[in-house]
Each structure stands twice: as structure tokens, then as C-alpha cells.
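Participant: any chance you could fold what I've pasted below:
(chains A and B)
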Amino acid sequence: MWSYIGRRLLILIPVIFGVSFLVFGALYIIPGDAVDRMLAESGASAETLARLRDQYGLDDPFLVQYGRFLSQMIRFDLGRSIITDRSVKEQIRNQLPATIELTLSALMIAFLFGVPLGVISAINRGSWADAIGMLIALVGVSMPNFWLGLLLIMAFSLQLGWLPTAGTGGLDHLILPAVTLGFSGIAVIARVTRSSLLEVMSSDFIRTARSKGLRQVTIIVKHGMRNSMASVLTIVGLQFGALLGGSVVVETVFSRQGLGFMAADAIQSLDIILVQGTVMLAALAFVLVNLLVDLSYSLLDPRVRYT
Amino acid sequence: MLLLLIFCAVFAPVIAPYDPLAVAPFDILLPPSPDHWMGTDTLGRDMLSRVIFGSRVSLRLGLVSVSIAMSLGILIGSLAGYLGGWIEAALMRVIDILLAFPSLILALIFVFALGPGLTNAMIAVGIASIPAYARVTRAEVLSAKENLYVQAAEAVGAPSRTVMFRHILPNIIAPNIVIAALGTGIAILAGSALSFLGLGAQAPTPEWGLMLSQGRGFMSLAWWLSFFPGLAIMITVMALNLLGDGLRDVFDPRLG
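Facilitator: Prediction:
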């Protein structure tokens, strides 16, 4: 197990290098660099421009700049924002809790509603319950989350006045964004749960369990669910990525504090350093969550052994 | 449903009751009525006409980005699968790197680098979707390579290009078509999200995501501005998902 984890972490190193190269490279090729673009409108003098370019080392060759970027990353120093001159690490630290709160709540909603929906569809295969379940799933994967967010605001905030339209705060500020972000996850998890449970339910050990006269609930929960959880967990891991991406949109819709809102804002204002830091963090988090998912298979399924 | 959409996109100038860009200062924010089925926007433009013309933009966005993703994905996947060795290792590491990003965030990076705009959004969404095609193609090529007829073709000295295009390629088309159908819907969602964030289509283009974002500030006054473009996106993506599911059932009944 430990050697497996070690090997997986080793494989991650080149991937993370690649990720940093892509993030740096993609933002390096921006036509006219950040300072020029940022200051073009404010009409800064040529001297100010030159001083800022020098301060951020924008005139150095590509490899020198990339090397500096890498060494900063290794020291967890994400630099300072070009626009606000505040430390990127500090800004991320301020925004991170709100995004974690949102994505975890959304993931919980997706899991708590998606799994039962999939199970109900699978055990009632072909019935109206299955049809309704799969229709909800189809709507969920087809509905743009920013539209769902706006519809929920219109219904629950503007019409009924039950929940606030926007902002950050207690539970009442969290409900609508979390439902918005989690809804497509419900759909995806329901579909995967259904198909993997259907596959498991046709296997021999389920027939054996049935012939032993076990109750239907025991068969589904103890024998069926446990064996279909590996596929569900894989999807939960991948959903985490979708949630991170979705948080950019959902936090914008609800003008809610968080990394996504900050990143969208940084992109609009061309704050390259801030974008680099946030995106690197998102990619790292995504890679690590998928590693954790891979490692957790053995907890669910004792047949899985890592060598 | 999908045919209706394609019909709307192709015949938009004929079926749209008004010019989607025509500003009418005396008709601003009219609610839905027999004259304007979906109401009018803040500049008095007819929403129905804008939604109809929007189908052109969205379908183009979906098709162009999927074409980019599919052609590059098939190229990378088949080179990796067929040639093997260090080329395969290098190409698949590139794919691993792309997969390390949540796809919308990857699209955001590219659109940030290329600059906002509809064309750049299509390219960004296209590049972000390459991994799915590349991985499936590689897997299919690897298994197709083991077929006797491929080995026979190689044994009689057929050049790699012939083997690749004539014997292997037909095997990888079906799964890629299924991914493409589902991928077009995903691309339309991603593209409209970029437009919603102000990074895709720019005003006054009648693009659904952009229209939604413009209607956002008027939710309490004019619900129709945010309602209809979103409905159009959902119906389009739903139609493409149904098509994708149907194609999957046809090409790969095991997955149904």
C-alpha cells in the first residue's frame, strides 16, 4: 500500500511540472504582457511601465521567468497580485474557506440525493419511478448551472423572499448556491449509481443472497451497494473537478465570496499572477482528490490490493 | 427536437419575426405578448428572434469545438496507440497534464491566454475536450491492432498509412461519434458559461449565455430576459444528450 502511494506520488511530480508549465506558458503568450495591458487604459507613463516591468521581471527570457515561477511555487510563494499588490497566498487563504464550504455542501447534496435516486431507479427498472428518476437526471446534466441559479433566485429570493439573493454569510446564504452547484452532480451520480447497481444486481452472488432468503433491503444495501460504490466514488472524484469549475460560475451568479469569484474577477482584470496561483491550486486539489479516490477503493472493496 | 433546432439555425433569417439586432427604443422590456412571444430586451430587441438566431451561434460553437477536440484527439490517440514507444509515452503525458485540470478551468486558462471572444472560446473549449477523444482512440487502436486482418495487412507489407486509415480508423469512428454527440452538448454548456462570464461571445451577438448574463440585472423587472435563453440552452443540450445516449445504445449495447 505505502509503496503504491509512493509510486503514485512520484508519477504526480512530472504531471505537476507539466501543469505548471502549461499554466505559466499559456499566460506567458498573452499578446502584450500584463502590465502593458493593465496600464494601457490608465495612461501610465513610460517610466512607470518600465519600473513595473522590471519589478515583475517581465523582460527576462522565458526560461528565467519560468524558473522563477517554479522556485516560487516550490516554496509555496505565489507572488503578489499585479493589481492590488497583495500577496496571492493571503488572498487565496481568505477566499478558500468559502469555496470549500460551497463545494463540500454541493458534493454532499449531489451524493445524498444522487445515490438514492439511482438506487430507486435501478430497483424499479422500467417502471414510472425509473422514468422519473432518469428524467430528473437528464434535466440535471442538460441544465446550465448559471440558469438554474437565476431561476432559484427568481423563485426563492425575489418571489417568495425566503432566502437572500446574493452574498456570503450563514446557512441561508449557502442553500441556493449549494443546490445550484450540486444539481448536475445529483444527475451524474444517479446515472452512474443506477447503471453500476444494475450490473451488480445481475451477478451470481446476488442470486445466492436471494436464494438464502435475505431481505431485499439487505441484499441491496449490503451486497449490491457495496459493490457498486467503486464506480460511484470514481464519479464523485471527477465531480469534484466539475464543482471546482462550476464554482467560478455559481459564485459569480450569487456574487458570493470564494476562489471562483476571485478567479473570474482576476481574469476580467488581467491579474495574471492571481490567475496563475488560483489555477495551480485548483489543478493540484483536483489531482490529489483523484489520488485519494483511487486509494479509497480498497476500503470499499477488500479485493482491491495495491502492489 | 434536434431537427427543429437545426431548422431554426438554418432558416433563422426566414422564421425570425424581427431583426435580432434591431434596436427599438419605444419597445423596451415588453413582457411576452402576441407581438413579441418572448418579450423584448433592454434595447427593445425581440427576444424570440434573438433566441432563434442564438441557435446558430450555439450550434456553431458546439460543432466547431467538438471538431477541434475530435480531430486533435483522434490524431493524438491514434499516433500514440499505433506508434507506441516514446511517442506514446510523451503524448499520453500531455493528455495526463490536460486531465489534471477541471475542464472548465482549462478552458478558462486558454480563453484568458487567447483573449475573450466567440472564436477563442470555441478553441478553448475544443482544446479542453481533447483528452476524452485521445484516450478512447488510443484504447481502440491498441485493441484493433491485435486483429488478425491488421496483422495480415502489416505482414503483406502495407504501408503504415494504409493500415492506419483503411484498417484501423473505421474501428475508432463509432465510439468517437458517441462521445462527439454527448460532447457537443457539454461544449455548448461550457461555451455559454464562458459567454456568461463575459469571456465568450461579445455584445451584440445573440448568444444564449451572454443574453442570460445581460438579463441578470433585470430579474425582478423582466424574468423573460433570463428565462428563455436558458430554456433554449437546456433543450438543445438535452436533445444532444438523448442523441448521444441513443447512439451509444446502437453502437455499444453493453453500456445501455
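Participant: for chain B, what's its nearest residue on the stretch 151-300 of chain A.
Facilitator: Nearest residue of the stretch 151-300 of chain A to chain B, counting by C-beta to the nearest C-beta: A:Gly245, 3.0 Å away. C-beta coordinates here come from the backbone N, C-alpha and C atoms, glycine included.
Participant: pLDDT of the helix or strand containing that residue, averaged?
Facilitator: Using DSSP states H and E, A:Gly245 sits within helix A:226-253. Across helix A:226-253, pLDDT averages out at 83.
Participant: that helix: which residues count as buried?
Facilitator: A:227-253 (16 or more other C-beta atoms under 10 Å in any protein chain shown).
Participant: likewise stretch B:90-109?
Facilitator: B:91-92, B:94-109.
Participant: and whichever residue of the stretch 151-256 of chain B sits closest to chain A, what are its phi and psi?
Facilitator: For the stretch 151-256 of chain B, the residue closest to chain A is B:Gly230, as judged by C-beta to the nearest C-beta, at 3.1 Å. Per-residue torsions, B:Gly230: phi -70, psi -40 (degrees, to the nearest 10).
Participant: how many other residues sit next to the closest residue to it other than its chain neighbours?
Facilitator: Distance criterion C-beta to C-beta, 6 or more residues apart in numbering or on different chains; nearest residue to B:Gly230, sequence neighbours excluded, is A:Trp147 at 3.1 Å. For A:Trp147, the count of nearby residues is 25 (other C-beta atoms under 10 Å in any protein chain shown).
Participant: who are the contact partners of A:Trp147?
Facilitator: A:Trp147 makes contact with B:Leu212, B:Ser226, B:Pro229, B:Gly230, B:Leu231, B:Ile233, B:Met234, according to C-beta atoms under 8 Å, 6 or more residues apart in numbering or on different chains.
Participant: and the residue nearest to the second one when sequence neighbours are not counted, which helix or strand is it part of?
Facilitator: Think B:Ser226. Take B:Ser226 and drop its neighbours on the chain: the residue closest to it by C-beta to C-beta, 6+ apart is B:Gly215, 4.0 Å away. Counting by DSSP H and E, the element that carries B:Gly215 is helix B:208-215.
Participant: and if you look at A:Gly213?
Facilitator: Following DSSP H and E, one finds A:Gly213 outside all helices and strands.
Participant: what number of residues lie near it?
Facilitator: Here the count is done by other C-beta under 10 Å, and A:Gly213 has 6 residues near it.
Participant: do the same with B:Ile15
Facilitator: For B:Ile15, the neighbour count with other C-beta under 10 Å is 12.
Participant: would you check that it makes contact with B:Ile52?
Facilitator: Yes: if you go by C-beta atoms under 8 Å, B:Ile15 and B:Ile52 touch, sitting 6.2 Å apart.
Participant: just the CA trace of stretch A:176-196, in PDB.
Facilitator: Provided in PDB are the C-alpha atoms of stretch A:176-196 (Å, rounded to 0.1, in the frame of the first residue of the first chain):
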ATOM      1  CA  LEU A 176     -29.200  28.300  -3.100                       C
ATOM      2  CA  PRO A 177     -25.600  28.300  -4.400                       C
ATOM      3  CA  ALA A 178     -25.000  24.800  -3.000                       C
ATOM      4  CA  VAL A 179     -28.200  23.400  -4.600                       C
ATOM      5  CA  THR A 180     -27.300  25.100  -7.900                       C
ATOM      6  CA  LEU A 181     -23.800  23.700  -7.900                       C
ATOM      7  CA  GLY A 182     -24.800  20.200  -6.700                       C
ATOM      8  CA  PHE A 183     -27.800  19.700  -9.000                       C
ATOM      9  CA  SER A 184     -25.800  18.400 -12.000                       C
ATOM     10  CA  GLY A 185     -23.800  16.200  -9.600                       C
ATOM     11  CA  ILE A 186     -27.100  14.600  -8.500                       C
ATOM     12  CA  ALA A 187     -27.800  13.700 -12.100                       C
ATOM     13  CA  VAL A 188     -24.400  12.300 -12.800                       C
ATOM     14  CA  ILE A 189     -24.200  10.300  -9.600                       C
ATOM     15  CA  ALA A 190     -27.800   9.000 -10.100                       C
ATOM     16  CA  ARG A 191     -27.000   7.700 -13.600                       C
ATOM     17  CA  VAL A 192     -23.800   6.000 -12.500                       C
ATOM     18  CA  THR A 193     -25.300   4.500  -9.400                       C
ATOM     19  CA  ARG A 194     -28.200   3.100 -11.500                       C
ATOM     20  CA  SER A 195     -26.100   1.500 -14.200                       C
ATOM     21  CA  SER A 196     -23.500   0.100 -11.800                       C
END
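Participant: ok now it, how far from the chain's centre?
Facilitator: Centroid separation for stretch A:176-196 versus its chain: 13 Å, with C-alpha atoms, centre = their mean, to the nearest Å.
Participant: check stretch B:200-207 too.
Facilitator: With C-alpha atoms, centre = their mean, you get 17 Å for stretch B:200-207.
Participant: check what pLDDT A:Phe205 gets.
Facilitator: As predicted, A:Phe205 sits at a pLDDT of 81.
Participant: name the SS class of it, please.
Facilitator: What DSSP: H, G, I helix; E, B strand; the rest coil gives for A:Phe205 is helix.
Participant: can you tell me which residues contact the closest residue to it other than its chain neighbours?
Facilitator: Spatial nearest neighbour of A:Phe205, excluding adjacent residues (C-beta to C-beta, 6+ apart): A:His223 at 6.4 Å. By C-beta under 8 Å, 6+ apart, A:His223 lies in contact with A:Val200, A:Phe205, A:Ile206, A:Ala209.
Participant: toward the C-terminus, what is the element adjacent to the longest helix belonging to chain B?
Facilitator: Counting residues, the longest helix in chain B under DSSP state H turns out to be helix B:47-83. Using DSSP H and E, the next helix or strand after helix B:47-83 towards the C-terminus is helix B:85-99.
Participant: which helices and strands sit right next to that following helix?
Facilitator: With contacts taken as 3 or more C-beta pairs under 8 Å, 6 or more residues apart in numbering or on different chains; DSSP states H and E, helix B:85-99 sits against helix A:2-28, helix B:47-83, helix B:130-145.
Participant: can you name the next helix or strand after that helix?
Facilitator: Sequence order places helix B:103-114 as the next helix or strand after helix B:85-99, per DSSP H and E.
Participant: what residues does that following helix touch?
Facilitator: A:22-23, A:26-27, A:29-30, A:241-242, A:244-246, A:248-249, A:263, A:267, A:275, A:279, A:282-283, B:98, B:101, B:120-121, B:123-125, B:127-129, B:190, B:193-194, B:199-200.
Participant: could you write me a PyMOL select line covering just the buried ones among those residues?
Facilitator: The PyMOL selection below is limited to those of the contacts of helix B:103-114 classed as buried (16+ other C-beta under 10 Å):
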select buried, (chain A and resi 22+23+26+27+30+241+242+244+245+246+248+249+263+267+275+279+282+283) or (chain B and resi 98+101+120+121+123+124+125+127+128+129+190+193+194+199+200)
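Participant: what is the burial count for A:Val64?
Facilitator: 11.
Participant: quick check: nearest residue in space to B:Leu231, chain neighbours excluded?
Facilitator: With C-beta to C-beta, 6+ apart, the residue lying closest to B:Leu231 is A:Trp147, at 7.9 Å.
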